[in-house]
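Chemist: Predicted model, plus sequence, below.
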Amino acid sequence: MEDDALLTEQMAYYDDGAVEYDRQYTEYEQLRKLLTVVDDLPITGDVLELACGTGRWTALLAARAHSVTAVDASAEMVAIARARAASPKVRFVRADLFEWEPPRRYDTVFFAFWLSHVPPARLPDFWRTLAAALAPGGRAIFVDDGPSVAAQEEVLADRTVPVAMRRLDDGSQYRIVKVFHDPRTLTEDLTSLGWSARVRPVAGHFVGVAEPPSNGAQAVARS
Ligand SMILES: C[S@@+](CC[C@H](N)C(=O)[O-])C[C@H]1O[C@@H](n2cnc3c(N)ncnc32)[C@H](O)[C@@H]1O
């Protein structure tokens, strides 16, 4: 796909910047507060966490789950997450999520600040893969930046794939995919794919809980 180079640069940004990543959780109280939404979310059973990063959410998920399988492409991120969320309940997998296929089904698939990094053209496949990874009665639960956060980013105009620029302390620059989903539009998009979704805004961010289509509905959504 034409966005391959962008996704490689996005992976490099997070790998190279892993040691700087946690600073935002120290600096932004709003982000720390957002972590508490986990307490009210239906996190149950065996949980698959996509793009676990430094494990900020992983540790909280582990407290609620039977098990957590946390996946991230960055070796540096996974090393930090391993130290933070060490538990017999948690298993880490280093993998590129655009290649990796879940080997089993999970009761919950959770992802924080990952959906915004999935190029729009890949979203139907992304949601299809998630639906296939959920056990009967399972749910996808997600947290991300809403449209108002775009004002704090250096967004590049006129791109087929929405792109933002990020810089690390050493001055290096990277392009990343950054889609600021609007909660209402996201709900409509998921509904058109056959999902049953509730996405609510939370202080500039959004929190979503979604159930996949039944097999019949999925077939209709695909056609
Ligand atoms: C915005 S961070 C989110 C981290 C964590 N979920 C959080 O909310 O703090 C995005 C994460 O996606 C990971 N990532 C980027 N590209 C990836 C890919 N292709 N496959 C798997 N993980 C990827 C990065 O390494 C990074 O940890």
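Modeler: Here it is on my side, so go on.

Chemist: Disregarding flanking residues, what is the spatial nearest neighbour of Arg82?
Modeler: Distances taken as Cβ to Cβ, 6 or more residues apart in numbering place Phe92 nearest to Arg82, at 5.7 Å, with adjacent residues excluded. (Each C-beta comes from the backbone N, C-alpha and C, glycine too.)

Chemist: Quickly check: whichever strand or helix holds the one you found near the ligand or not.
Modeler: Using DSSP states H and E, Phe92 maps to strand 90-94. No - Strand 90-94 stays clear of the ligand (Cβ under 6 Å from any ligand atom), getting no nearer than 8.4 Å.

Chemist: do stretch 176-192 as well
Modeler: No - applying Cβ under 6 Å from any ligand atom, one finds stretch 176-192 separated from the ligand by no less than 8.3 Å.

Chemist: Tell me the buried residues in that stretch?
Modeler: With burial defined by 16 or more other Cβ atoms under 10 Å, the residues of stretch 176-192 counted as buried are Ile176, Val177, Lys178, Val179, Phe180, His181, Pro183, Leu186, Thr187, Asp189, Leu190.

Chemist: Run through the bridge partners of the first one.
Modeler: Same thing as Ile176. In this structure, Ile176 bridges to Ala164 when assessed by DSSP bridges.

Chemist: so what pLDDT did Asp3 get?
Modeler: According to the predicted model, the pLDDT of Asp3 comes to 88.

Chemist: correct me, but it touches Arg159?
Modeler: No - using Cβ atoms under 8 Å as the test, Asp3 is too far from Arg159 to be in contact (9.8 Å).

Chemist: And the most centrally placed residue in the chain, its phi and psi?
Modeler: The residue lying closest to the centre of the chain (Cα atoms, centre = their mean) is Trp114, at 2.5 Å. Main-chain dihedrals, Trp114, degrees, to the nearest 10: phi -110, psi -40.

Chemist: That one reaches Ala51, doesn't it?
Modeler: Yes - with contact taken as Cβ under 8 Å, Trp114 and Ala51 are classed as touching, separated by 3.9 Å.

Chemist: any shared contact partners between these two?
Modeler: By the contact definition Cβ atoms under 8 Å, 6 or more residues apart in numbering, Trp114 and Ala51 are jointly contacted by Leu97.

Chemist: Work out for me the element Asp187 sits within.
Modeler: Slight slip there: residue 187 is Thr, not Asp. Secondary structure from DSSP H and E places Thr187 in helix 183-192.

Chemist: For that helix, name the packing helices and strands.
Modeler: Identification of packing neighbours for helix 183-192 by 3 or more Cβ pairs under 8 Å, 6 or more residues apart in numbering; DSSP states H and E yields strand 196-202, strand 205-211.

Chemist: in this structure, which helix or strand is least confident?
Modeler: Of all the helices and strands that make up the chain, helix 215-222 has the lowest average by mean pLDDT, DSSP states H and E, namely a mean of 48.

Chemist: Nice, that's everything, thank you.
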